[in-house]
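Participant: can you look at this prediction? I've put the sequence above it.
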Amino acid sequence: MINFIEEMESNSSYRIFFVGDSAATIDFGNVIDESINKKVIVLFNRLSQHPLLGMIEAIPAYSSITIYFNVILLRKKISTQKVIHEWIRTELNKLMRNDFDNIQNSSNFVRVPVCYENEFATDLKSIAEQKNISSEEIIRLHSSKQYRVYMLGFLPGFAYMGEVQDLIAVPRKAQPRPIAAGSVGIAGRQTGIYPVNSPGGWQIIGRTPLKMFDKDKNEPCLLKAGDHVEFYSISKDEFENYQDWST
Amino acid sequence: MSLRIIKTGVLDTIQDLGRYGYQHLGINPGGAMDRFAAQTVNMLVGNNIDEAIIEIHFPASIFLFERETMIAIGGADFSATVNGEDIPSWQPIIIAKNSILQFQKWKHGARCYLAVREKLSIQKWLNSYSTNIKAESGGFNGRVLQKDDVIFFREKNDYKDFLMDRDFFILPWKADISWNNVPIDRIAIIPGNEWDWLTEESKNKFLKESFVIGSSADRMGYRLQGMLKAKENSELVSSVVGFGTVQLLPNGELIVLMADHQTTGGYPRIAYIVSVHLPLLAQKRPGDKIYFRLTDQGHSENLLFEQHQHLLQLQNACKFKLEEFFECYQ
């Protein structure tokens, strides 16, 4: 049985490795790919609904999912002399025998207002110069596409979204500097929104009046992995007088 | 009226054993840097191990206890005094109303923990007392403790019979914290997924030479002095990193992620510190020297279990001693 399962891992599209002594990652390769990320989210939803024995939490990323375990609890619950990480590997391989390809995830579609005016768009001009296009064109390109939220990380509620068009893809800055909550930025082919004030290296092209992170809400983060986002341009006056009627 | 901060320390926060279940939202676990000390001080006063405690850095806050209290301190040694008189670490201490707890002089370690038997009245945020400063959430108003903050207690006890006229009374037992006789500068690691990205020379260097904790060493992570070389310098798409992940930065520097780590990262993960050695690292300061030594998953699990057994024994012993003590005086 075990041999069969381990053989499966070696012939398959994923690999399992350990993150220290209390977590394991199922890794689908070092890529940003929508179909792989969909599979990761399906796995995440499945694990959230049916946690594995001893599971503390599961964390999805671009092309991998990491599962934290309570090793002490497992050691008490599993009667065999087995080493816990071997048991974990076997369980994860068993899990991966399920067919996750045809499951649909429920996801939200969120329209995000962005004020792209100079006051907030601290890096818009330099991107325009660097890319030899107008600021208007950058704004048009950024707000004319639906983006997928691949994962949340870095800061509470920080959504990594992709992929922006090549024409506006710029590398992150070498030196992080203070960035205000709500700032919308670009890093490579990714776009994201700073949910809280933080140092950061993404190139800032605007700011949203939406609260991406609200500690007092039951669900403190506006976005979750798998959601879809579209940006639309608003004026400074609209930014300042923005009311979230949805709540 | 309970516990009042009468002078602000450099970085004193409410912590517990961490906030789990929210990393998929980018909300990190945080929690005490030295989980062993945090659990032990709670046990000493008869609390659950995940009760809110105060993590204290040096220079520390000055605390005024406006009510009779049983406390325990442990972890780093900052020469604690009550009303000017020395008090020991790792022992339960009953202190009289209007006593002042102060930390006079740095002796060793980086973080000292204060547990209170009467339990700090702090509201949990997402199931944890830990302070998340970036999110301005959890702990005491989501921030570092400041002068004039007042933390109430959830329980009240009467210790007059034990104190009589004294300022404090030290209970006559001490927690045995030496469950494992490893030298405190030998940090065990498990190779990480990108361990083989290191050149053979760098692997050797990593396991043989010492590393000095750099000046940028805080609750988020420790930068280490000393350069390593990678065979390849590919980029990784972001994936999960945790407390104890050792990352190799593009310039060859190492960074060890600590309690307030980001949830995800894209640098090569060359190693992971074994869980039971994180408390050792948590007590290091910039300038301290450490060595890494290789171990494996199985061994690391055994250590984790041994430490757990030790903590269980300690918990039972503390409980028994406290019960016995209170009965004697009734």
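Facilitator: Received the coordinates, thanks. Remember, it's a predicted structure, so these values are computed and weren't measured experimentally. Numbering: from 1, shown residues only, chains lettered A, B, ... in the order given.

Participant: and the residue minimising distance to the centre of chain A, what are its bridge partners?
Facilitator: Here the mean C-alpha position of chain A is nearest to the C-alpha of residue A:151 (CA atoms, centre = their mean), at a distance of 1.0 Å. On the basis of DSSP bridges, residue A:151 takes part in beta bridges with residue A:160.

Participant: hang on, isn't it packed against residue A:64?
Facilitator: No - in this structure, residue A:151 sits apart from residue A:64 without contact. The criterion is CB atoms under 8 Å, and the distance is 9.5 Å. C-beta here means a position set from N, CA and C on the backbone, and glycine is covered the same way.

Participant: assign residue B:270 to helix, strand or coil.
Facilitator: Here residue B:270 is recorded as strand under DSSP: H, G, I helix; E, B strand; the rest coil.

Participant: and it, what does it touch?
Facilitator: Contacts for residue B:270 (CB atoms under 8 Å, 6 or more residues apart in numbering or on different chains) come out as B:191-192, B:194-195, B:197-198, B:206, B:228, B:246-248, B:254.

Participant: by neighbours, which of those residues wins?
Facilitator: Neighbour tally across the contacts of residue B:270 (other CB atoms under 10 Å in any protein chain shown): the maximum, 28 neighbours, falls on residue B:246.

Participant: skipping its backbone neighbours, what lies nearest that residue in space?
Facilitator: Counting by CB to CB, 6 or more residues apart in numbering or on different chains, the nearest residue to residue B:246 once its immediate chain neighbours are dropped is residue B:271, at 4.2 Å.

Participant: residue contacts, that neighbour?
Facilitator: The neighbours of residue B:271, taking CB under 8 Å, 6+ apart as the test, are B:189-192, B:195, B:206, B:246, B:292.

Participant: ok, those vs residue B:304, which is closest?
Facilitator: residue B:190 (11.7 Å; CB to CB).

Participant: now the closest one, nearest residue through space, not along the chain?
Facilitator: Excluding its sequence neighbours, the residue lying closest to residue B:190 (CB to CB, 6+ apart) is residue B:272, at 4.9 Å.

Participant: need the contact list for residue B:199.
Facilitator: Taking CB under 8 Å, 6+ apart as the criterion, residue B:199 is in contact with B:229-231.

Participant: for stretch A:117-137, list the C-alpha coordinates in CSV.
Facilitator: Once non-C-alpha atoms are left out, stretch A:117-137 reads as follows in CSV (Å, rounded to 0.1, in the frame of the first residue of the first chain):
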residue,chain,number,x,y,z
GLU,A,117,-4.6,60.6,-9.5
ASN,A,118,-1.0,61.8,-8.9
GLU,A,119,-1.4,62.4,-5.2
PHE,A,120,-1.9,58.6,-4.7
ALA,A,121,-0.1,57.3,-7.8
THR,A,122,3.4,57.9,-6.6
ASP,A,123,5.1,55.7,-9.2
LEU,A,124,2.7,56.2,-12.2
LYS,A,125,4.9,58.8,-13.9
SER,A,126,8.1,56.8,-13.6
ILE,A,127,6.4,53.7,-15.0
ALA,A,128,5.1,55.8,-17.9
GLU,A,129,8.6,57.0,-18.6
GLN,A,130,10.1,53.6,-18.2
LYS,A,131,7.6,51.9,-20.4
ASN,A,132,7.3,54.8,-22.8
ILE,A,133,3.5,54.9,-22.6
SER,A,134,1.1,57.5,-21.2
SER,A,135,-0.2,57.5,-17.6
GLU,A,136,-3.7,57.3,-19.1
GLU,A,137,-2.8,54.1,-21.0
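
Participant: follow-up on the earlier one: pLDDT, secondary structure and distance to residue B:114 added to the contacts of residue B:271, as CSV?
Facilitator: Supplementary listing: these in CSV, determined by pLDDT from 0 to 100; DSSP: H, G, I helix; E, B strand; the rest coil; distance: CB to CB, whole Å:
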residue, pLDDT, secondary structure, distance to residue B:114
B:189, 97, strand, 31
B:190, 97, strand, 32
B:191, 96, strand, 37
B:192, 96, coil, 35
B:195, 96, helix, 39
B:206, 96, helix, 36
B:246, 97, strand, 30
B:292, 96, strand, 31
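
Participant: widest-spaced pair of those residues?
Facilitator: Comparing every pair within the contacts of residue B:271 by CB to CB identifies B:190 and B:206 as the most remote, at 12.8 Å.

Participant: my guess is residue A:15 meets residue A:27, correct?
Facilitator: Yes - proximity of residue A:15 to residue A:27 meets the contact threshold set by CB under 8 Å, at 5.0 Å.

Participant: who has more neighbours, the two?
Facilitator: A direct count of neighbours by other CB under 10 Å for residue A:15 and residue A:27 places residue A:27 higher, at 19 against 14.

Participant: and for the closest residue to the more buried one other than its chain neighbours, the neighbour number?
Facilitator: By the measure of CB to CB, 6+ apart, the closest residue to residue A:27 outside its immediate chain neighbours is residue A:64, 4.3 Å from it. Residue neighbour count, defined by other CB under 10 Å, stands at 28 for residue A:64.
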